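Undergrad: dropping a prediction and its sequence here:
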Amino acid sequence: MSDPAIWFGIAVRWDDEPLMRPSHAGASIALTLHEATPSHAHDMDEATLCDQALRGDTASWSALVQKHNHRVVVALLGRGAPMDRAKDIAQDAWLRLVEQQREGRLSHLQLPGLAITQATFLFLESVRRVRRSEPLDDASDQVMDPRANAEATLLTEERFARAEKVLARCSPSARNVFKLVYGGEGLDHAEVATRLGLSLQRVRQIICEVRKLLRESFEGVRP
Amino acid sequence: MSSIHLPESELELYVIDGLDALRAARVEAHVFECEACATALAHEARLELSFARVAYADDRVTREAARKSAARVRHPRVVAAACAFGGALSMAAAWLMWVGAPVDTSRAGAFVEPEIQNVRDADGVVVSAVDEPHAHDLLDGG
């Protein structure tokens, strides 16, 4: 898992050269890296893929992992996980979801939100475990002043309010692209382009433009 | 550690999943060994999380506005229906009072027909009546 060069084509498979991982429920799930996802899965929309995955269709799981794994990894990076840990935890999160589906404990599948939540939980758990094992002197250094914490929260809220105003001033089409990419639907850029009748390049350009404005509102304008 | 850092645009494209597989792999390989770029990438990734929150908030505002707008459209109809119903009720009440209700003449202020009391003699001949001309002359001292 530590070789970044082979990670771009992740897909869940249950056949050739499996990497066996012990399941928490006693069963086992094999996960391997593979570049290809069965072509019929690429043609399905998100809802159909989720529906098929909930019925245990491995090709649909592969397609969903391939589609959403990058966001899960980025979410973990944003929470402070190093790249190798982020990738490992993301993979564990997908395994957990597959396990839950196999055990019939997954009634619905909303991605990437569910995978990000699962991965974040696993990451925070691992951080807590590390902290518990630290000596008390080291841990006491990390206790924060509650007032500073409140100020930081207030500052964060102000930044978000500013960013929301900036987004409200953007053109309706730019806002639409931004919301489709970052909203709860989990659309990738190609899907957004298809839905809005734009080119992929244009969608990315709009995202970068809105991102620049929002970044300035969060961080202040750079010289 | 590599002495050449990744440009910010490359990190940005990485987090938005805008790089091809080869370039993405290069970024990942670089941040494995370059702490500065790993920190910059983590910062970009944090921004991504923030943007998701901004998008959610904006979506919520849009939904709220749509809901209020729908409420505004529905409101005049409700008022018009209430007015029409009130008007019809008033007309019905007025009609009932005018036509159907019994007239109570004993109420104060109602017109009462004066009772004419004639004074008759033993033979039954009217000798005095209150409606006779000048019957009330004495009342005004005349």
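TA: Perfect, thanks for sending it.

Undergrad: A:Ala119 against A:Gln91, yeah?
TA: No: A:Ala119 lies out of contact with A:Gln91 (C-beta atoms under 8 Å); the separation is 9.1 Å. Where you see a C-beta, it was placed from the backbone N, CA and C, and this is true even at glycine.

Undergrad: out of the two, which sits in the busier spot?
TA: Shown here are A:Ala119 and A:Gln91; by other C-beta atoms under 10 Å in any protein chain shown, A:Ala119 has more neighbours (28 against 23).

Undergrad: where exactly do the helices run in chain A?
TA: Counting by DSSP state H, the segments of chain A that form helices are A:39-42, A:46-54, A:58-78, A:83-102, A:113-133, A:136-140, A:146-169, A:172-182, A:189-196, A:200-219.

Undergrad: among those helices, which is the most enclosed?
TA: Stretch with highest mean neighbour count among the helices of chain A: helix A:58-78 (a mean of 24; mean count of other C-beta atoms under 10 Å in any protein chain shown).

Undergrad: tilt between it and helix A:172-182?
TA: Angle of helix A:58-78 versus helix A:172-182, following axes from the mean of the first three to the mean of the last three C-alpha atoms, to 10 degrees, is 100 degrees.

Undergrad: hmm, helix A:58-78 touching chain B?
TA: Yes: using C-beta under 8 Å from any C-beta of the partner chain, helix A:58-78 reaches chain B at A:70-71, A:74-75, A:77-78.

Undergrad: try stretch A:195-202
TA: No: legend: contact between stretch A:195-202 and chain B by C-beta under 8 Å from any C-beta is lacking; minimum distance shown is 9.1 Å.

Undergrad: can you get me the start-to-end distance on that stretch?
TA: This stretch, stretch A:195-202, spans 13 Å end to end (C-alpha to C-alpha, to the nearest Å).

Undergrad: what does chain A have sitting close to chain B?
TA: Counting by C-beta under 8 Å from any C-beta, chain A comes close to chain B at A:4-5, A:7-9, A:70-71, A:74-75, A:77-80, A:82-84, A:159-160, A:163-164, A:167-168, A:175, A:178-179, A:181-184, A:188-189, A:204, A:207-208, A:211, A:214-215, A:218.

Undergrad: around chain A, pick out the residues from chain B.
TA: So chain B meets chain A at B:12-13, B:15-18, B:21, B:24-25, B:28-29, B:31-32, B:38, B:41-42, B:45-59, B:61 (C-beta under 8 Å from any C-beta).

Undergrad: which regions of chain A sit below the pLDDT cut-off?
TA: A:1-43, A:135-155, A:220-223 (pLDDT under 70).

Undergrad: and the residue nearest to A:Gln118 when sequence neighbours are not counted, what does it touch?
TA: Of all residues not flanking A:Gln118 in the chain, A:Ala93 sits nearest, at 4.1 Å (C-beta to C-beta, 6 or more residues apart in numbering or on different chains). Each residue near A:Ala93 by C-beta atoms under 8 Å, 6 or more residues apart in numbering or on different chains is listed here: A:72, A:115-116, A:118-119, A:122.

Undergrad: now do A:Ala93 against A:His68, distance only.
TA: To A:His68, A:Ala93 is 10 Å away according to C-beta to C-beta, to the nearest Å.

Undergrad: and for the two, which residues touch both?
TA: Here A:Ala93 and A:His68 have A:Ala115 as joint contacts, going by C-beta under 8 Å, 6+ apart.

Undergrad: that older thread, can you redo the helices of chain A as CSV with distance to B:Phe85?
TA: Shown next, in CSV, are those (distance: least, C-beta to C-beta, whole Å):
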stretch, distance to B:Phe85
helix A:39-42, 58
helix A:46-54, 45
helix A:58-78, 55
helix A:83-102, 55
helix A:113-133, 48
helix A:136-140, 70
helix A:146-169, 41
helix A:172-182, 41
helix A:189-196, 46
helix A:200-219, 50
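
Undergrad: now the longest helix anywhere in chain B: mean pLDDT?
TA: Longest helix in chain B by number of residues (criterion: DSSP H): helix B:35-95. The pLDDT scores in helix B:35-95 average 82.

Undergrad: tilt between that helix and helix A:58-78?
TA: Going by the same axes, to 10 degrees, helix B:35-95 makes 110 degrees with helix A:58-78.

Undergrad: which strands and helices sit next to helix B:35-95?
TA: Counting contacts by 3 or more C-beta pairs under 8 Å, 6 or more residues apart in numbering or on different chains; DSSP states H and E, helix B:35-95 packs against helix A:58-78, helix A:146-169, helix A:172-182, helix A:200-219, helix B:8-15, helix B:21-33.

Undergrad: got these as TSV, with distance to A:Val130 columns?
TA: Converted to TSV, the helices and strands packed on helix B:35-95 look like this (distance: least, C-beta to C-beta, whole Å):
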stretch	distance to A:Val130
helix A:58-78	15
helix A:146-169	21
helix A:172-182	31
helix A:200-219	29
helix B:8-15	25
helix B:21-33	20
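
Undergrad: closest to A:Ala47 out of the contacts of A:Ala93?
TA: For those, the residue nearest A:Ala47 by C-beta to C-beta is A:Ala115; the value is 16.2 Å.

Undergrad: what sits against the nearest residue to that closest one once chain neighbours are set aside?
TA: Nearest non-adjacent residue to A:Ala115, counting by C-beta to C-beta, 6+ apart: A:Val72, 4.9 Å away. The neighbours of A:Val72, taking C-beta under 8 Å, 6+ apart as the test, are A:90, A:93-94, A:112, A:115-116, A:119.
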